[in-house]
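Asker: Following is a predicted model, sequence given first.
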Amino acid sequence: MRQITLGDDRLRVSALCLGTMTWGTQTPEADAHAQIDMAAARGVSFMDTAEMYPVNPVRRETVGRTEEIIGNWIAKGGRRQDWVIATKIAGEGGAARDKGEVIDGVTIRKALDASLRRLRTDHVDLYQFHWPNRGSYMFRQNWRFDPGRQDRAAVLANMADCVATVGALIGDGKIRHWGLSNESAWGMAQWLRLADAAGVPRPVSLQNEYSLMCRLYDTDLAELGHNEKVTLLAFSPMAAGLLTGKYAGDVVPEGSRRAINANLGGRITPRVWETVSAYLGVAARHGLDPAQMAVAWVLTRPFPALPIFGATTRAHLENALGAGDLVLDAEVLAELEAVHKAHPMPY
């Protein structure tokens, strides 16, 4: 599998990233370990997790279980050195943090040490802040986003504290690289500026939702990513399963994410089914698997980007891995853009 560099050529990873958010709920530990081995056999060397996983649902009693599953794989002989492992610290309001615990210098150290214990490793290759303390417009919050309540001076002071802490942890060898998640263009620009001012290595990545059906990244963040060498780690490239076709016709397959989360985190809207049908039509006309098409499309973008995808079963993973070898021709890409223009924001 081809390799991609994150940021300014400091970190090389496989072009596909293995997501892990259901490991420990929908995906049992044995199946999760089999997924790691299967992905490795197909050339994947990059996996992403978080202290708050598993999801569907997020529960206080299961926080960190996904990291433990990965750590158990390492402990039983998994080749840690063959993998780039990314994890995240959750912000205020997440089950992983106590009430009032925002992301700051103190909680970063606390969360990182807990993640390292669960992962059974002495370092994290990529450490990410799961969402900004000040709030985010991700997860359909763009429809009501209100930055007017932000205190700029307090936000920047907190960011500076976090940057200094990351710099110290890089110096200690506990973090190799760092990145953000669910960030805005303004926020990402500030992290870059503050890192430069403090003499700390720049963040190399930004993990935001991005798919054929969710393209908020396409303008200001795309320009920032290109010019500042920040790689998009695109989560939910299959639109939480909508682009696989398994929900087409408004069905709810047993054992699926929608069986647990009926509206797929706000993605089920009156406009969504017509959009899904249009994208599935492109795949059908060209003899493509729609899930593979959706994942491969992320790799065609005119800015640094790679997809993160999870799979509840080995069969789902085997299918998704086929995207690594798929090249979408100009006709397919043109049709996908035509669908986007006709259905620009289905949710």
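Answerer: In hand now; what should we look at?
Asker: Contacts only, for the residue lying closest to residue 8 once chain neighbours are set aside.
Answerer: Take residue 8 and drop its neighbours on the chain: the residue closest to it by CB to CB, 6 or more residues apart in numbering is residue 229, 4.6 Å away. Every residue, glycine included, has its C-beta placed from N, CA and C. Residue 229 makes contacts with 7, 8, 9, 202, 204, 304, as judged by CB atoms under 8 Å, 6 or more residues apart in numbering.
Asker: Now tabulate those residues in TSV and tack on pLDDT and distance to residue 160.
Answerer: TSV is the format used below for the contacts of residue 229 (pLDDT from 0 to 100; distance: CB to CB, whole Å):
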residue	pLDDT	distance to residue 160
7	93	20
8	87	22
9	79	26
202	97	15
204	98	19
304	97	26
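Asker: of those, closest to residue 110?
Answerer: For these, the residue nearest residue 110 by CB to CB is residue 204; the value is 23.3 Å.
Asker: Where do the strands of this structure begin and end?
Answerer: With strands called from DSSP state E, the chain shows them at 3-6, 11-14, 17-19, 46-48, 84-89, 124-129, 175-181, 205-209, 231-235, 305-309.
Asker: if we can go back for a sec, could I get the contacts of residue 229 as TSV with neighbour count and distance to residue 154?
Answerer: Shown next, in TSV, are the contacts of residue 229 (neighbours: other CB atoms under 10 Å; distance: CB to CB, whole Å):
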residue	neighbour count	distance to residue 154
7	20	28
8	13	30
9	9	34
202	20	23
204	25	26
304	21	31
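Asker: tell me which of those is nearest to residue 181?
Answerer: Set against residue 181, the nearest of these by CB to CB is residue 204 (12.5 Å).
Asker: Need phi/psi at the closest one.
Answerer: phi -100, psi -10 (degrees, to the nearest 10).
Asker: how about the residue of the chain positioned farthest from its centre, what does it touch?
Answerer: Relative to the centre of the chain, and counting by CA atoms, centre = their mean, the farthest-placed residue is residue 285 at 29.6 Å. The contact partners of residue 285, by CB under 8 Å, 6+ apart, come to residue 335.
Asker: shaky segments in the chain?
Answerer: With pLDDT under 70 as the threshold, the chain has no low-confidence stretch at all.
Asker: what about the closest residue to residue 204 other than its chain neighbours, distance to residue 325?
Answerer: Distances taken as CB to CB, 6+ apart put residue 7 closest to residue 204, at 2.8 Å, once the chain neighbours are dropped. Going from residue 7 to residue 325 by CB to CB, to the nearest Å gives 26 Å.
Asker: Then residue 260?
Answerer: Residue 260 is 32 Å from residue 325, by CB to CB.
Asker: These two: which has the busier surroundings?
Answerer: Neighbours around residue 260 and residue 325, counted as other CB atoms under 10 Å, are more numerous at residue 260. The numbers are 15 against 12.
Asker: ok, and the closest non-adjacent residue to the more buried one?
Answerer: Leaving aside its chain neighbours, residue 260 sits nearest to residue 56 (4.7 Å; criterion: CB to CB, 6+ apart).
Asker: can you tell me which residues contact that neighbour?
Answerer: Contacts of residue 56 by CB under 8 Å, 6+ apart are 21, 22, 25, 26, 257, 260, 261.
Asker: same thing with residue 118?
Answerer: By CB under 8 Å, 6+ apart, the residues touching residue 118 are 51, 64, 67, 68, 70, 71.
Asker: Tell me, how many residues neighbour the nearest residue to it once chain neighbours are set aside?
Answerer: Distance criterion CB to CB, 6+ apart; nearest residue to residue 118, sequence neighbours excluded, is residue 67 at 3.8 Å. By other CB under 10 Å, 28 other residues sit near residue 67.
Asker: Please apply the same query to residue 247.
Answerer: Per other CB under 10 Å, the neighbour tally for residue 247 reads 23.
Asker: What of the one 4 residues further on?
Answerer: When neighbours are counted by other CB under 10 Å, residue 251 registers 9.
Asker: Distance-wise, check it relative to residue 190.
Answerer: 44 Å.
Asker: Same question for residue 80.
Answerer: Separation of residue 80 from residue 190 (CB to CB): 33 Å.
Asker: and if you look at residue 257?
Answerer: Noted for residue 257: a distance of 34 Å to residue 190, by CB to CB.
Asker: Looking at the two, which is more packed in?
Answerer: The neighbour count for residue 257 versus residue 190, taken as other CB under 10 Å, is higher for residue 257 (22 against 19).
Asker: So the more buried one sits against residue 241, correct?
Answerer: Yes - between residue 257 and residue 241 there is a contact at 5.8 Å, judged by CB atoms under 8 Å.
Asker: what is in contact with these two at once?
Answerer: By CB under 8 Å, 6+ apart, the residues touching both residue 257 and residue 241 are residue 264.
Asker: between the strands of the chain, which one is nearest to residue 346?
Answerer: Using CB to CB, the nearest of these to residue 346 is strand 205-209, at 13.2 Å.
Asker: which helices and strands does the closest one pack with?
Answerer: strand 124-129, strand 175-181, helix 220-228, strand 231-235 (3 or more CB pairs under 8 Å, 6 or more residues apart in numbering; DSSP states H and E).
Asker: so can I have TSV of those showing mean neighbour count?
Answerer: Formatted as TSV, the entries for these read as follows, by neighbours: other CB atoms under 10 Å:
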stretch	mean neighbour count
strand 124-129	24
strand 175-181	23
helix 220-228	17
strand 231-235	25
